[in-house]
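Enquirer: Mind looking at a prediction? Sequence and model below.
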Amino acid sequence: MHLACPSCHATYDVPDTLLGTPPRPVRCARCATVFTPPEPAPPPSSPAAAPPAPPPSPVSRPEPRLTAKVRPVPLSVLPEELEMPPAPPSAGAPLAAAAAAWVLSLALLGGAGYAAWHWREEIMAAWPPSQRAYALFNALTR
């Protein structure tokens, strides 16, 4: 049963078996208002059963016409060697691109490390918490 608090309009889904007959008072979890839910509506009576629909009539399908007869090709007509499909592109191009990406990444990291070491005093003056990181490497002074 779907309940709504009359004070704060909080909604709850409560099984009918928990409410009992007649419904017992319920306390809202949000505002603590105690209210009695309305009686559950009786289930609607089922309308008279409609007569079953007649079974569908079978669909007539035209029979397929076979116009050509397929005969196997004799071996003497087949070529002796079949052509091979073209080879896929070489895997060297993706490997070179990956190697270039690694080299560029390592160069950027190395450049950032060199800049952090070269301008360490300026960095420590501009950002004092960085002194703890430089202290780990004993690099507080030149």
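Expert: The structure has been received and is ready for your questions.

Enquirer: burial of Phe137, as a residue count?
Expert: Other residues near Phe137 number 10, with proximity taken as other Cβ atoms under 10 Å. Just so you know, the C-beta spots here come from the backbone N, C-alpha and C atoms, and that holds for glycine as well.

Enquirer: what about it, distance to Leu109?
Expert: Here Phe137 is placed at a distance of 16 Å from Leu109 (Cβ to Cβ, to the nearest Å).

Enquirer: residues of the worst-scoring helix or strand of the chain on mean pLDDT that come out buried?
Expert: For the chain, scoring each helix and strand by mean pLDDT, DSSP states H and E identifies helix 16-19 as the least confident one, at a mean of 76. Within helix 16-19, the residues that qualify as buried by neighbour count (16 or more other Cβ atoms under 10 Å) are Leu19.

Enquirer: Helix or strand next in line after it, which one?
Expert: Beyond helix 16-19 on the C-terminal side, the first helix or strand identified by DSSP states H and E is strand 26-27.

Enquirer: Could you point out the helix or strand that follows that following strand?
Expert: If you walk from strand 26-27 toward the C-terminus, the next helix or strand you reach (DSSP H and E) is strand 34-35.

Enquirer: Which elements pack onto that next one?
Expert: On a contact count with 3 or more Cβ pairs under 8 Å, 6 or more residues apart in numbering; DSSP states H and E, strand 34-35 meets strand 26-27.

Enquirer: Just the residues contacting the strand it packs on, thanks.
Expert: Outside strand 26-27, the residues that touch it by Cβ atoms under 8 Å, 6 or more residues apart in numbering are 3, 12, 14, 19, 33-37.
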